[in-house]
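**Student:** coordinates for the following, if possible.
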Amino acid sequence: MENEAFKILIDDPDLGLRLIIGLHGPELVKQISRCIQNDDELVKDVYQLTLIAIWTDHKKIVELEDPFAWIMAIARNTALSTLRSERIRLKEPIEDHENLRSSEQADTDLVYKETLDELLQYAKQLTPREEEVFIASKVDGMDNKELEKVHNLKAQRVRNLLSSAQRKIRKLLKR
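**Tutor:** Below is the predicted model:
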């Protein structure tokens, strides 16, 4: 019956694969688990990859002298290859994963957003011109030269508006 499952692969690959899973599935999982320990999800993934390899080479398997040994070797080699890939992936530099945020970074971003929202609320209590120049300077990051050009102001007027706005904001923040 054991070699029958492998022979059936030629005529009916679906049935042959189901028979092999029924006969040798637990042994395949055990073989994979010897290489991959403490990671059931990875064992399942490698088991699936092994079944795919059996499916792909189903015509070749029947011609082998010991097909069972071949599928066990495929399971072991697939497990080892997957482990190597996992280790390489785990050693990738953190810069390759810039889009992943640590909880500390997320906390910092949240504090920044909350502070910015509070600052913008206080800025509404400034005169319209002070608010405009203050936000352009502190939020948009414009320097005094840019403020002069964008708002069509003289250098001294920009400094006075910023100074006045900052003094008022400080008072509001101290409350």
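**Student:** ignoring the adjacent residues along the chain, who's closest to Leu28?
**Tutor:** With sequence-adjacent residues excluded and distances taken as Cβ to Cβ, 6 or more residues apart in numbering, Leu28 is closest to Ala75, at 4.9 Å. No exception for glycine: its C-beta is placed from N, CA and C like everyone else's.
**Student:** where's the one you found, which helix or strand?
**Tutor:** Of the helices and strands defined by DSSP states H and E, Ala75 is found in helix 67-90.
**Student:** mind listing residues that contact the helix or strand following that helix?
**Tutor:** Counting by DSSP H and E, the element after helix 67-90 in chain order, helix or strand, is helix 103-123. Surrounding helix 103-123, the residues in contact under the criterion Cβ atoms under 8 Å, 6 or more residues apart in numbering are Arg101, Glu131, Phe134, Ile135, Lys138, Val139, Ala165, Ile169, Leu172, Leu173.
**Student:** flag every buried residue along helix 103-123.
**Tutor:** For helix 103-123, burial by neighbour count (16 or more other Cβ atoms under 10 Å) applies to Leu119, Tyr122, Ala123.
**Student:** circling back: could you pull up the residues touching the residue nearest to Leu28?
**Tutor:** Contacts of Ala75 (Cβ under 8 Å, 6+ apart): Leu28, Gln31, Ile32, Val46, Tyr47, Thr50.
**Student:** Lys145: what's it in contact with?
**Tutor:** Lys145 neighbours (Cβ under 8 Å, 6+ apart): none.
**Student:** now it, what's its secondary structure?
**Tutor:** At Lys145 the chain is in helix, as set by DSSP: H, G, I helix; E, B strand; the rest coil.
**Student:** just Gln125 next, same as before
**Tutor:** Gln125 ends up coil, using three-state DSSP.
**Student:** listing request: residues of the protein with sub-threshold pLDDT.
**Tutor:** For the chain, the stretches with pLDDT under 70 are 1-2, 89-103.
**Student:** give me the domain ranges for it.
**Tutor:** 2-94, 116-174 (automatic domain parsing).
**Student:** before we move on, the earlier item: farthest pair within the contacts of helix 103-123?
**Tutor:** Spanning the widest gap among the contacts of helix 103-123 are Arg101 and Ala165, at 32.7 Å by Cβ to Cβ.
**Student:** out of those two, which sits in the more crowded spot?
**Tutor:** Between Arg101 and Ala165, counted using other Cβ atoms under 10 Å, Ala165 has the larger neighbour count: 23 against 12.
**Student:** that one: what's it in contact with?
**Tutor:** Ala123, Leu126, Glu130, Glu131, Val133, Phe134.
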